[in-house]
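Asks: Next come a sequence and a model predicted from it.
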Amino acid sequence: MRVMGVVNVTPDSFSDGGRFDAPEAALAHARRLIVDGADILDVGGESTRPGAQAVGEADEIARVVPLIAAIRAESAVPISVDTMKPAVARAAVQAGATMWNDVTALSHAPDSLACAAALGCEVVLMHMRGEPRTMQAAPRYQDVVAEVAAFLAARAEAAMAAGVARGKIWLDPGIGFGKHMTDHNLPLLASLERIVALGFPVLLGASRKTFISALDGGNRPADQRLGGSIAAALAGAAAGVAAVRVHDVRETVQALRVWTAIAQAGKAG
Ligand code: HH2
């Protein structure tokens, strides 16, 4: 199980907005996450939280590319870019990113699929209902797990049809993206094996999300959701996800080490 550490270079991300938007602060944060044991860094320059301001292509490139280049200059850690814009992904890959994490599953722009195929990088296809700005307006599903799985399978087919190699594709159920806090996120977290069974590595992003607060009194700010974030990461580990996307790398790495050691001791005994 790999740990992807979040590096947001945004003034308005829901959990750490504004803390790391200065270039030096973002680089220092990236260094910290590497020391803490991150296997991958996910660099994002546009917040996806409901109501966040849209960022222009040039501004987003100016936020993420210097940071990616600076990390690449001093570390071999794999770098992912969290963007829905093909031009940003292209610039990020040129600067040293090897993965395109797209919360729209390569559907935001008409040329997203072709761009991913041409770049030849890994791609994360995430499920979302609607658009970031509107996605939490009364999302409805008949069977959330079946619908998310069918969507992800279809997007993987579309990516492969456009020329993305099968071995480059990751899937992500998109916890908190167009999902009711408990009615939809919890069944998905309880049935991650069904997403894993699609045959692609699965990325799980549950860190600091609102459903954790909803299950813990309803009023916990993002930096007080560590226990719930770790509980969700361990549910992912038990279901066989390939990586978790987290803000608190050190604590998550420790939890996964202990969980893995216990699981292995159980098998050995
Ligand atoms: N969650 C967020 C952003 N990007 N990408 C994937 N693949 N999966 C996720 O669950 C996911 C994601 C939201 O978290 P964060 O980056 O902390 O907030 P913001 O989007 O406000 O920057």
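Replies: Received it, and whenever you're ready, just let me know what you need.

Asks: For the rest of this, base every contact and every neighbour count on C-alpha atoms.
Replies: Fine.

Asks: Which part of the stretch 151-269 of the chain gets nearest to the ligand, residue-wise?
Replies: Nearest residue of the stretch 151-269 of the chain to the ligand (Cα to the nearest ligand atom) works out as Gly205 at 3.4 Å.

Asks: Thr226 touches Ala206, doesn't it?
Replies: To be clear, residue 226 is Leu; Thr isn't right here. No: under the criterion of Cα atoms under 8 Å, Leu226 lies out of contact with Ala206, with a separation of 10.5 Å.

Asks: Neighbour count: those two, which is higher?
Replies: Of the pair Leu226 and Ala206, Ala206 is the one with more neighbours under other Cα atoms under 10 Å, namely 26 against 19.

Asks: who in the protein is up against the ligand?
Replies: With the criterion set to Cα under 6 Å from any ligand atom, the chain comes near the ligand through 8, 13-15, 47-49, 101, 103, 126, 172, 174-175, 205-206.

Asks: Strands - which of the residues you listed land there?
Replies: Asn8, Asn101, Met126, Asp172 (DSSP state E).

Asks: Which residue, other than its chain neighbours, is closest to the first one?
Replies: So that's Asn8. Gly44 (4.9 Å; Cα to Cα, 6 or more residues apart in numbering).

Asks: rewinding a little: how confident was the prediction at the residue of the stretch 151-269 of the chain closest to the ligand?
Replies: Note for Gly205: predicted pLDDT of 98.

Asks: residue ranges for the strands of the chain, please.
Replies: For the chain, applying DSSP E gives strands covering 2-8, 40-44, 79-82, 99-102, 122-126, 169-172, 203-204, 243-246.

Asks: Dump these to a markdown table, plus mean neighbour count.
Replies: Conversion of the strands of the chain to a markdown table gives the following (neighbours: other Cα atoms under 10 Å):
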| stretch | mean neighbour count |
| --- | --- |
| strand 2-8 | 25 |
| strand 40-44 | 25 |
| strand 79-82 | 28 |
| strand 99-102 | 28 |
| strand 122-126 | 26 |
| strand 169-172 | 26 |
| strand 203-204 | 26 |
| strand 243-246 | 24 |
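
Asks: Return the residues in contact with Val43.
Replies: Val43 makes contacts with Val6, Val7, Asn8, Val9, Val64, Ile68, Ile79, Ser80, Val81, Asp82, as judged by Cα atoms under 8 Å, 6 or more residues apart in numbering.

Asks: what's across from Asp82 in the sheet?
Replies: In this structure, Asp82 has the following beta-bridge partners (DSSP bridges): Gly44, Asn101.

Asks: who touches it in this structure?
Replies: Asp42, Val43, Gly44, Gly45, Trp100, Asn101, Asp102, Val103.

Asks: cool, and Glu193?
Replies: Residues in contact with Glu193, defined by Cα under 8 Å, 6+ apart, are Ala239, Gly240, Val241.

Asks: By neighbours, which of those residues wins?
Replies: Scoring the contacts of Glu193 on neighbours with other Cα under 10 Å, the highest-scoring entry is Val241 at 24 neighbours.
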